[in-house]
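**Student:** Below are the sequence and a predicted model for it; my questions follow.
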Amino acid sequence: EKVMGLWGLALLLINSRKIVGTQRTQHNLLMVAILSPFFVPELAGLMGIKVTVAVSMLPSGLLLFYALYMYNFLVVPPMAKEKVLEHMTEGILIVDEQGMIIDANPAALPIMARLVGDNKLRGTQLIPLLKNHPTLQDFYNNGNQDEIEVESSGSHWAVRLIPIQIRFKRTGSLLILTDITERKVYENELIKRSTLDGLTNIYNRRTFLEILDIRMQASRISGESVSLLLIDLDNFKKINDKHGHLVGDRVLEHFAGLMRDAVRSGGDVGRIGGEEFAMVLPGVNGTQAYHAAEQLRLRLKQEPLRWVSTGIESEIAYSISIGVSELIDPHMTLEVWYHQADTSLYASKNNGRNRTTVAV
């Protein structure tokens, strides 16, 4: 009997690291029940009491009954739940009240490896693992049932926290980690398509006008200057007619790249439609905007479009006309401001093109 008891104890010890939660309590009760017949007679002997084998087995019986009755030992649902956790695609972390990870399902290991660079989870404190994610640390420390999105190395996860309570006492937390990278890529693509021009990859008309309104409101509050540039590619139809629409598209892309370079220190650019573009420069007055416009126009002369077709390098030189309007009157509406820049643009075109005109 002693040999069988020791053998059973050895099996329990071997599997002790796999046991978590209430099952760990059951596990500990079983080990104490197995050890009971060994140490009860010894304790009784120290007290001068002689006990029979039946009496020495009594504590074991009581412990087994307690485990069966109070913790539903060997009931099928807990086992089924464990199998469900093993096959879930979401990562599951169970954290005790001291912040130690006491269990993690298989899906959590690769997720945590990508998120925090470590997949050694059981018996590890969670907070130190999150040292590179202070927002996630604060989210966990808050302890409320909630959800947060985190990003790391181009991957995105939704992390949901559920407090664990037993008999109205907080005993830990359940963290559910879901890989939402594919969803975020799709959402970002939708945002990109709705805000950017598909050809030139700069803001489309609707988005640029929204940004222009925001810049105007900010200027009214701060008192800083802000200027608007409307730009038109000269004789663009002739380029399309002579070289074809494919080359015309390359011209539009080429100019959009020059515009992006021009606002690296601050500002926004957009394609208003066709061959018409726009640029807003915060903190820049009319005179400064004129010089910025001229720099762009002169740079275009120095850097025409070059491309190679059928082994032959070709060059297309084209020019631009620009209209500039500074937001001088803080009470000016967006429509009036835009109209002033548009009027200046048409003045540049009517006066021979390839020039910049400032609204007066």
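**Tutor:** The structure has been received and is ready for your questions.
**Student:** Nearest to the middle of the protein, which residue? Look it up for me.
**Tutor:** Geometric centre of the chain, nearest residue: Glu151, 3.7 Å, by C-alpha atoms, centre = their mean.
**Student:** what sits against that one?
**Tutor:** By C-beta atoms under 8 Å, 6 or more residues apart in numbering, Glu151 lies in contact with Trp157, Lys184. For the C-beta atoms, the positions are set from N, CA and C on the backbone; glycine is no exception.
**Student:** Mind telling me what element it is part of?
**Tutor:** Applying DSSP states H and E as the criterion places Glu151 in strand 146-152.
**Student:** Flag every buried residue along that strand.
**Tutor:** For strand 146-152, a neighbour-count test (16 or more other C-beta atoms under 10 Å) marks Ile148, Val150 as buried.
**Student:** heading toward the C-terminus, what's the first helix or strand past it?
**Tutor:** Following strand 146-152 toward the C-terminus (DSSP H and E): strand 155-166.
**Student:** Now do the same contact list for Asn235.
**Tutor:** Tyr318, Arg353.
**Student:** Model confidence for it, exactly?
**Tutor:** Predicted confidence (pLDDT) for Asn235: 95.
**Student:** Relative to Ala158, how far out is Ser194?
**Tutor:** 23 Å (C-beta to C-beta, to the nearest Å).
**Student:** Compare neighbour counts for the two and give me the winner.
**Tutor:** Neighbours of Ser194 and Ala158, each counted by other C-beta atoms under 10 Å, are more numerous for Ala158; the result is 16 against 10.
**Student:** nearest residue to the more buried one other than its sequence neighbours?
**Tutor:** Thr178 (4.6 Å; C-beta to C-beta, 6 or more residues apart in numbering).
**Student:** what's next to stretch 86-106, contact-wise?
**Tutor:** Outside stretch 86-106, the residues within contact range by C-beta under 8 Å, 6+ apart are 20-21, 85, 107-109, 111-112, 121-127, 164, 170-179.
**Student:** and what of stretch 152-170?
**Tutor:** Residues from elsewhere that reach stretch 152-170, judged by C-beta under 8 Å, 6+ apart: 94, 97, 111, 114-116, 132-133, 136, 139-140, 143-151, 171-181, 183-184.
**Student:** Show the buried residues in those residues.
**Tutor:** Buried residues within these, counting neighbours by 16+ other C-beta under 10 Å: 94, 111, 115-116, 133, 136, 139-140, 148, 150, 172-173, 175-180, 184.
**Student:** Which of those fall within strands?
**Tutor:** Ile94, Ile148, Val150, Gly172, Ser173, Leu175, Ile176, Leu177, Thr178, Asp179 (DSSP state E).
**Student:** is it possible to export these to JSON lines including distance to Ala218 and pLDDT?
**Tutor:** Shown next, in JSON lines, are those (distance: C-beta to C-beta, whole Å; pLDDT from 0 to 100):
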{"residue": "Ile94", "distance to Ala218": "48", "pLDDT": "90"}
{"residue": "Ile148", "distance to Ala218": "30", "pLDDT": "93"}
{"residue": "Val150", "distance to Ala218": "31", "pLDDT": "90"}
{"residue": "Gly172", "distance to Ala218": "47", "pLDDT": "89"}
{"residue": "Ser173", "distance to Ala218": "42", "pLDDT": "91"}
{"residue": "Leu175", "distance to Ala218": "40", "pLDDT": "93"}
{"residue": "Ile176", "distance to Ala218": "41", "pLDDT": "93"}
{"residue": "Leu177", "distance to Ala218": "39", "pLDDT": "93"}
{"residue": "Thr178", "distance to Ala218": "38", "pLDDT": "93"}
{"residue": "Asp179", "distance to Ala218": "38", "pLDDT": "91"}
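**Student:** how about those residues, which pair is most distant?
**Tutor:** Pairwise distances across those (C-beta to C-beta) peak at 23.6 Å, for the pair Gly172 and Asp179.
**Student:** just so I have it, where are all the helices in this protein?
**Tutor:** Ranges of helices in the chain, per DSSP state H, are 2-14, 21-46, 53-71, 76-87, 108-116, 126-129, 134-142, 181-195, 205-222, 236-243, 245-262, 286-302, 334-350.
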